[in-house]
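Q: Quick one, structure for this:
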Amino acid sequence: MRYGGDNRGRLLIIVLIVTSLFLITLDLRGVKVIDGIRVGTQTALTPVQKAGSWLISPLRNFISDVTHLGRTRNQIERLKSENDRLRLKLQNRKTADAQLSQLKGVLDLAGKAGFKVVSARVISQGSSTSFAQTITIDAGTNSGIKKNMTVISGFGLVGVVKYAYPNSALVQLASDPSFRIGARIAGSQQIGILSGQGTRKGVLQLLDNTTQVSVGDVIVARGSQNGRPFVPGIPIGEVTKVDNSPGSVTQTADVKFYTNFTSLGVVSVVISDEGIDPRDSLVPPRPVPTPIPTVTVYVTPSPSPGA
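A: Residues are numbered from 1 along each chain as shown. Below you'll find the predicted structure:
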């Protein structure tokens with residue numbers, strides 16, 4: 001049996017060698033037997049390859065998505081960071097433009113009055129232990145600012161310096177309930193005392209009950225001796241309501257401050273007024289009302305029947 005197995009093995013080898021030589025001979029003579037076999041094999045395997053590709057494609061896409069997920073997330077974070085940076089830059093630009101506009105307004109007012117001023121930025125706004133309504137500015141004694149100096153904006157009175165430090169100062173706003181200032185009605189010599197009410201509204205108490213005060217009258221600072229704490233002629237506000245109660249000893253009037261205390265960005269402290277009283281030259285001009293167009297209608301009488 002051993003010799004029989006060896007004979008079968010030798011026979012198989014001889015058959016394979018002969019078959020190979022036969023196929024090689026046919027191929028050399030131009031007979032495309034091998035190509036036919038290759039094409040047939042490929043045709044038979046095509047459905048299997050398609051099925052394999054269909055099965056593997058979702059897995060391949062999933063792996064690709066996972067690979068790019070981290071990269072996409074980093075791009076989103078980068079875009080968010082850039083968006084925040086641009087938004088902050090835009091906000092800073094708007095703030096700078098607003099402060100520049102306020103600075104121009106206050107310098108125009110000071111120049112018109114002939115005041116020597118030191119301009120400063122408002123670095124905080126709120127209450128303190130002693131005063132209900134204050135602001136802190138970024139200039140102090142090193143810039144020549146002292147206690148009891150007038151503080152103004154481009155619209156008029158802001159308040160008075162209460163405490164001055166080397167590089168900052170605390171300003172009591174005119175809206176503070178404990179604030180008091182001598183005031184007069186622009187265009188006349190009628191005087192009174194204006195006090196803050198905690199809002200943008202102040203109350204003027206006239207010292208003369210016979211004084212004529214009307215809605216729309218402009219109130220300005222009367223001024224203090226040597227210009228401290230208040231320089232003269234600074235616009236304060238406009239009368240919005242008059243109380244003429246019968247039998248009252250004095251008249252009172254509500255006054256709306258020109259300055260909006262909640263939006264202060266830049267103010268100026270009056271260092272010197274050079275003894276000049278601007279009188280009413282700082283009173284803001286009244287807006288010119290828009291004329292209402294008129295239409296003229298001409299009526300031609302009809303002739304009478306007997307004419």
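
Q: so who does Gln99 touch?
A: Residues in contact with Gln99 (Cβ atoms under 8 Å, 6 or more residues apart in numbering) are Arg121, Gly265, Val266. Glycine gets a C-beta too; all of them are placed from N, C-alpha and C.

Q: Retrieve the pLDDT associated with it.
A: Per-residue pLDDT puts Gln99 at 73.

Q: measure Val239 to Gln75 for me?
A: Per Cβ to Cβ, to the nearest Å, Val239 is found 61 Å from Gln75.

Q: ranges for the helices of this structure?
A: Applying DSSP state H to the chain gives helices spanning 2-28, 33-113.

Q: so where's the stretch 51-200 of the chain uncertain?
A: For the stretch 51-200 of the chain, the stretches with pLDDT under 70 are 51-70, 92, 127-131.

Q: hmm, try it at 80
A: Along the stretch 51-200 of the chain, the parts satisfying pLDDT under 80 run over 51-75, 77-99, 126-132, 189.

Q: Break down the stretch 151-300 of the chain into its strands, ranges please.
A: Shown for the stretch 151-300 of the chain, the strands assigned by DSSP state E, counting those that start in this stretch span residues 157-164, 169-173, 180-185, 191-196, 201-206, 218-221, 235-243, 252-257, 266-272.

Q: I'd like a version of the ones you listed in JSON lines, one that adds distance to Gln91 and mean neighbour count as further columns.
A: Formatted as JSON lines, the strands of the stretch 151-300 of the chain follow (distance: least, Cβ to Cβ, whole Å; neighbours: other Cβ atoms under 10 Å):
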{"stretch": "strand 157-164", "distance to Gln91": "24", "mean neighbour count": "23"}
{"stretch": "strand 169-173", "distance to Gln91": "25", "mean neighbour count": "25"}
{"stretch": "strand 180-185", "distance to Gln91": "35", "mean neighbour count": "21"}
{"stretch": "strand 191-196", "distance to Gln91": "31", "mean neighbour count": "20"}
{"stretch": "strand 201-206", "distance to Gln91": "31", "mean neighbour count": "20"}
{"stretch": "strand 218-221", "distance to Gln91": "35", "mean neighbour count": "24"}
{"stretch": "strand 235-243", "distance to Gln91": "31", "mean neighbour count": "18"}
{"stretch": "strand 252-257", "distance to Gln91": "27", "mean neighbour count": "21"}
{"stretch": "strand 266-272", "distance to Gln91": "17", "mean neighbour count": "22"}
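
Q: Is it possible to get those out as JSON lines so that each row also shows distance to Gly144?
A: Putting those into JSON lines (distance: least, Cβ to Cβ, whole Å) gives the following:
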{"stretch": "strand 157-164", "distance to Gly144": "10"}
{"stretch": "strand 169-173", "distance to Gly144": "11"}
{"stretch": "strand 180-185", "distance to Gly144": "23"}
{"stretch": "strand 191-196", "distance to Gly144": "27"}
{"stretch": "strand 201-206", "distance to Gly144": "29"}
{"stretch": "strand 218-221", "distance to Gly144": "21"}
{"stretch": "strand 235-243", "distance to Gly144": "24"}
{"stretch": "strand 252-257", "distance to Gly144": "26"}
{"stretch": "strand 266-272", "distance to Gly144": "5"}
